[in-house]
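Asker: Generate coordinates for the sequence data below:
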Amino acid sequence: MRLPLIAALPVLLAGCGAANIKGSTAEQQIKAANAAYKTVKCPKDISAAQGATFTCMATTKKGDYLVTVQVDSVTGGKAHLSFVKAEKKVH
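Answerer: Residues are numbered from 1 along each chain as shown. You can find the predicted model right below:
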């Protein structure tokens, strides 16, 4: 089951023309999309290719979660993301 759209994030062009999403931008948007997330940590540079997925660490009052996010589409310089799943991290 796919979870709701997170946001449309700006896409940055990195070296060799590869499109990336800044990790800090993704962190802010993911945190804003779920008030239970107190902190979110994502990879520094994320591929903005359609269908790409990435995993971030989100911290809540109930513990840490691995949050998987997918790039649904890239249009007009924006990457449209949605939640795929969130799994409690086992320490």
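Asker: which residues of this structure score low on pLDDT?
Answerer: Applying pLDDT under 70 to the chain flags the ranges 1-18, 91.
Asker: can you pull out the strands in it?
Answerer: Using DSSP state E, the strands of the chain run over 5-10, 12-13, 19-22, 39-41, 45-47, 53-60, 63-75, 78-88.
Asker: Mean neighbour count and distance to Gln29 added to the ones you listed, as TSV?
Answerer: Quick note: C-beta positions are derived from backbone N, CA and C, even for glycine. Shown next, in TSV, are the strands of the chain (neighbours: other C-beta atoms under 10 Å; distance: least, C-beta to C-beta, whole Å):
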stretch	mean neighbour count	distance to Gln29
strand 5-10	17	4
strand 12-13	14	14
strand 19-22	19	9
strand 39-41	16	9
strand 45-47	19	12
strand 53-60	17	11
strand 63-75	17	9
strand 78-88	17	7
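Asker: looking at the ones you listed, which is closest to Ala32?
Answerer: Evaluated over those, closeness to Ala32 peaks at strand 5-10, with 7.4 Å, by C-beta to C-beta.
Asker: now the strands of the chain as CSV including distance to Ile30?
Answerer: Below are these laid out as CSV (distance: least, C-beta to C-beta, whole Å):
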stretch, distance to Ile30
strand 5-10, 6
strand 12-13, 17
strand 19-22, 11
strand 39-41, 5
strand 45-47, 11
strand 53-60, 6
strand 63-75, 7
strand 78-88, 8
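Asker: Gln28: which of those strands is closest?
Answerer: strand 39-41 (8.0 Å).
Asker: and that closest one, what does it pack onto?
Answerer: Applying 3 or more C-beta pairs under 8 Å, 6 or more residues apart in numbering; DSSP states H and E, one finds that strand 39-41 makes contact with helix 23-33, strand 53-60.
Asker: Tabulate those (CSV), appending distance to Thr68.
Answerer: Formatted as CSV, the helices and strands packed on strand 39-41 follow (distance: least, C-beta to C-beta, whole Å):
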stretch, distance to Thr68
helix 23-33, 11
strand 53-60, 5
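Asker: If anything else comes up later, I'll come back, but that's it for now.
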